[in-house]
Every structure is written in structure tokens, then in C-alpha cells.
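Engineer: missing the sequence, but the structure's below:
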């Protein structure tokens, strides 16, 4: 252990007086506020830069051992000339981006229709027949899409739904396309789909008869 580190004991941390600052060494200290709340803080400075402070967590949720481990990790970055606060912010941003990506990949066409899109549309209708028609579009006519990740659906997938019924059930097919176009517009605006709307009529006006 480097000299001057790990000066505190758990008992001293537990009995820290209000308004006190207990130094554990290496820039790590336990600060107790006027309301008795206690938090770990690491003071550090990079070459040629002002001193900064980084929170290591609240005590006792973050134990003395955990605070020391966090501080040790931060010191390793500091020794490499890396600001641990900025590194933590980048890591948090990367974790959020990963979580968002995973959430989007897990969002199927059927889930988006049932959990997000239809609840915003159906309250606008009082006619039970209209409500049933909208549900049928996503539950029956577009059944082949329901288990597909929303982000993976292409113009060809939409065409595969429309083509078999385009001339035999023209009204149903036309309305289904319009409803799917609205769903994808909703998904695009709310960050669940990127790119061109795969159900836009411009995707089919040279393929399907008007």
C-alpha cells in the first residue's frame, strides 16, 4: 500500500461528526454535511490544470472499501493523464447508447403497435368498428411483421404484406398501408426507427397499381 493511504477506519467513517472532513489519503476524503449526509470525494489535479473534485458515492451506500477501489481506479487514469470525470461521463454516455440500441433491437413491430402506437391513436375513435379495423391491420393483415424487430423492417417486408391483397381486398390493403405508414412516421419521430418510411406510398407507386 502506498504511504499515506487508507488512514480511516470504518468506525471513524460511521462516527463522522457533522460538518467534518475525514481524510483517507491520496485525495480521498469523507465529507459530512450539516444534515448528517456523508459522501466520498476525491480531489485531484492533472498536470497544468486546476484541482478538481470527483464524487465517489454516498456513505454508507458506498462503503469505505468501495470508495477506496473507485479512488484507486481514478488514480490510475490520472497517472495516465486522463481526467476520470470526463472518462466516467464518456462511459456513462456509451452505456446509455448501448441500452438504447438494445431497447430498439428488442422492440418488435407488434410490441410497438400494441404498446406505443395504438394507445396514441385509438382514443381518438368512438366507433368500435373503426377501432377493430385498426387493430386488425396490425394483428391480422400485418401478422408476418409482428415478431420482427421494428428497426429491421424494409420496404420489401411491407410489400410482402400488401401484394397478396392489393387487388383482391383493395380497400383493406390501401388502409393497411396508410396505417403502417403512420406507425413508422410515429416511430421515426420518437427515435425507434431511422431512415425512410418503408410504408410510404412513394415506395410502391411504381410497383402496385393505384
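Structural biologist: Great, that's in hand. Bear in mind the structure is a predicted one, so any value in this text is a computation, not a measurement.

Engineer: Which positions within the host helix or strand of residue 97 qualify as buried?
Structural biologist: Under the criterion of DSSP states H and E, residue 97 resides in helix 84-106. Going by neighbour count (16 or more other C-beta atoms under 10 Å), the buried part of helix 84-106 is 84-85, 88, 104. Heads up, the C-betas are built off the backbone N, CA and C, glycines and all.

Engineer: Isn't residue 4 up against residue 26?
Structural biologist: Yes: using C-beta atoms under 8 Å, residue 4 is in contact with residue 26, at 6.7 Å.

Engineer: neighbour count winner among these two?
Structural biologist: residue 26 (20 against 10; other C-beta atoms under 10 Å).

Engineer: Quick check: phi and psi at the more buried one.
Structural biologist: The phi and psi values for residue 26, taken as degrees, to the nearest 10, are phi 70, psi 20.

Engineer: For the protein, just list every one of the strands.
Structural biologist: 21-25, 28-32, 38-44, 52-59 (DSSP state E).

Engineer: The ones you listed into TSV, with extra columns for mean neighbour count?
Structural biologist: Formatted as TSV, the strands of the chain follow (neighbours: other C-beta atoms under 10 Å):
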stretch	mean neighbour count
strand 21-25	16
strand 28-32	21
strand 38-44	19
strand 52-59	16
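
Engineer: so residue 67 makes contact with residue 28?
Structural biologist: Yes: Residue 67 is in contact with residue 28 according to C-beta under 8 Å; the separation is 6.4 Å.

Engineer: what is the orientation angle of the helix or strand of the chain with the lowest mean pLDDT with strand 52-59?
Structural biologist: Least confident element among the helices and strands of the chain, by mean pLDDT, DSSP states H and E: helix 84-106 (a mean of 87). Counting by axes from the mean of the first three to the mean of the last three C-alpha atoms, to 10 degrees, helix 84-106 points 60 degrees away from the direction of strand 52-59.
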